[in-house]
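Peer 1: Structure for this input, please:
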Amino acid sequence: MSQRWHKSKLFNKSNKINVTALSNYIDLKTLGYPLRWRSPRRGGLRQRILRLLSLALILLTVCTACAPPPAVARDRSFPEMSLEFLGEYELPKTNFEGSPVGGLSGITYDPKGISAVPSKAYRFYALSDDPSENGEARFYSLRLDLTSSDPANIRLKKVTVEGVTSLKKTDGETFSWGSINPEGIALSPRNSVFVASEGVTHAGIPPFLGEFDLKTGKMRGKLPIPKRYIPDASDEKQQQGVVENLGFESLTIDPETFSPGGLDPFRLFAATEAPLMQDSDPEQASKLRLLHYIIVDKTPQLVSENLYTLDQVPMTILNGLTELVTIGGGQILSLERSFGLSGYSARIYQLAVGAATDTSRIQSFKGRVAVEPVKKKLLLDLSELGIPLYNLEGMTLGPQLPDGSKSVVLVSDDNFDEAQKTQFLLFSLKGKV
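Peer 2: Numbers count the residues shown, from 1 in each chain. This next block holds a predicted model:
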């Protein structure tokens, strides 16, 4: 999502900026019932056994008090992992084939690599969020070069733009100005990329999740989207659907479901950046929706939907979910980006989706709806890196590093602004992934 969201009338009908502290609500459920003890008969083996059992229960209670139950619960949901920062690279302002390289809002890794180049060069695809304003809607082929193979000295050396592919409709025509709002991209196992478009609410253009041919950029089809995501009006009368410039931003495909030729079903996840219009409730936490699809040949199926809650970020003007990344083993990472008086900030979380309630039948989250949200655990607050942060919107799992860990790459959207940067960040993901 570009900072052009400030122009949206639907975001703030009073034309004022309200600084709101978001908060989470955690439902605590009572487990089990208190133990009821009956007085045993005096003397005998039975009494000694019950005394031993009572002593064991007391010792167990003391040990449990030493290790709080919430910590145990978190360990069960989230495998131990960490992110080690390996460096950054700022892409110089440049044009490529007649259009400015900018607005990089999504990024995805191609594990097939690059032929005829050193092994430390890798292929990525980055999506521009340009709505065909500065050029045709497009995604770029990037080459990322790392430094030496010494595990202790791996760094992000350089990023080079090597190609560009225009997005086209099913009839082969490019998208006209303002008819698409691309934000998320994910490489699929069948030589295609899936692209998330937020839609253009004021023009009556709905959001979509589409599949595009990797080489030609031509659209192959779209995923089914529930009606509740489609705006019911293009002006201040809107009561339903994604909000202008705050729709589908996150998109990821589970790498563990890749198969040769893409013949087997694979899993895709998508999420909105901010609440749907009917879910917006300033008195409660920002409640987003996460969609889970199974892609089977030409009959993609929406499997489930879950509630995702944004963490509280005091004194912010903008706060949203900008990316999801499946990392294998049923684990997902999320990127939350915010903007406030001190500039940009971002956090990366571990997610556990398995126990979350399916919210497919819930039309609105307003009020205290009794559902179990996606569980979250803060993995890294990027403000602790000690470097200036920009508008980070894209994140992907990258190649395996020499030490055996997986890499994670982030990219920022410069909003086609000379004062902002296209920033790439490289991390090593360590732990039980």
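Peer 1: residues near the closest residue in space to E418 that isn't next to it in sequence, how many?
Peer 2: Take E418 and drop its neighbours on the chain: the residue closest to it by C-beta to C-beta, 6 or more residues apart in numbering is K93, 7.0 Å away. Every residue, glycine included, has its C-beta placed from N, CA and C. K93 has 13 neighbours, counted by other C-beta atoms under 10 Å.
Peer 1: any idea how far K93 lies from S197?
Peer 2: 26 Å (C-beta to C-beta, to the nearest Å).
Peer 1: how far away is the residue nearest to E418 from V374?
Peer 2: Distance from K93 to V374, by C-beta to C-beta: 38 Å.
Peer 1: Tell me what K406 is bridged to.
Peer 2: Q400, L429 (DSSP bridges).
Peer 1: which residues of this structure score low on pLDDT?
Peer 2: 1-76, 115-119, 149, 433 (pLDDT under 70).
Peer 1: longest strand in it, by residue count?
Peer 2: Longest strand of the chain, by residue count under DSSP state E: strand 316-328.
Peer 1: Next secondary structure after that one?
Peer 2: strand 331-340 (DSSP states H and E).
Peer 1: in the longest strand of the chain, what's buried?
Peer 2: Residues of strand 316-328 classed as buried by neighbour count (16 or more other C-beta atoms under 10 Å): 316, 318-327.
Peer 1: so what does it touch, helix or strand wise?
Peer 2: Strand 316-328 sits against strand 248-253, strand 266-272, strand 331-340, strand 392-400, with contacts defined as 3 or more C-beta pairs under 8 Å, 6 or more residues apart in numbering; DSSP states H and E.
Peer 1: can you tell me which of those strands comes nearest to I185?
Peer 2: strand 248-253 (6.4 Å; C-beta to C-beta).
Peer 1: Show me what that closest one is in contact with.
Peer 2: Counting by C-beta atoms under 8 Å, 6 or more residues apart in numbering, strand 248-253 makes contact with 1, 105-106, 183-189, 194-199, 207-209, 242, 266-273, 320-326, 332, 334-335, 393, all of which sit outside it.
Peer 1: how many neighbours does P224 have?
Peer 2: For P224, using other C-beta under 10 Å, the count is 11.
Peer 1: Would you map the strands across the stretch 51-200 of the chain?
Peer 2: Ranges of strands in the stretch 51-200 of the chain, per DSSP state E, counting those that start in this stretch, are 81-91, 95-96, 99-100, 104-110, 121-128, 138-146, 156-166, 182-187, 192-197.
Peer 1: How far off centre is the second one?
Peer 2: Between the centre of strand 95-96 and the centre of its host chain there is 28 Å, according to C-alpha atoms, centre = their mean, to the nearest Å.
Peer 1: and it, which strands flank it?
Peer 2: Checking strand 95-96 against DSSP bridges gives partners strand 99-100 (antiparallel).
Peer 1: residue contacts, the residue nearest the centre of the chain?
Peer 2: By C-alpha atoms, centre = their mean, the mean C-alpha position of the chain lies nearest to L324, the distance being 2.1 Å. With contacts defined as C-beta under 8 Å, 6+ apart, the neighbours of L324 are 250-252, 269-271, 290, 332-335, 351.
Peer 1: Between these, which sits nearest L410?
Peer 2: Nearest to L410 among the contacts of L324, with distances taken as C-beta to C-beta, is L335, at 7.2 Å.
Peer 1: Count the residues that sit near the closest one.
Peer 2: 23.
Peer 1: And for G204?
Peer 2: For G204, using other C-beta under 10 Å, the count is 11.
Peer 1: E183 versus that one, what's the distance?
Peer 2: Look at G204 and E183: by C-beta to C-beta, they are 19 Å apart.
Peer 1: for T309, same thing?
Peer 2: 21 Å.
Peer 1: Pick out whichever of the two has more residues nearby.
Peer 2: It is E183, of T309 and E183, that has more neighbours when counted by other C-beta under 10 Å, with 30 against 21.
Peer 1: Can you verify my assumption that that one contacts E393?
Peer 2: Yes - counting by C-beta atoms under 8 Å, E183 does reach E393; the two are 7.5 Å apart.
Peer 1: which residues are in contact with both of the two?
Peer 2: Common neighbours of E183 and E393 (C-beta under 8 Å, 6+ apart) are 1, 105-106, 129, 249.
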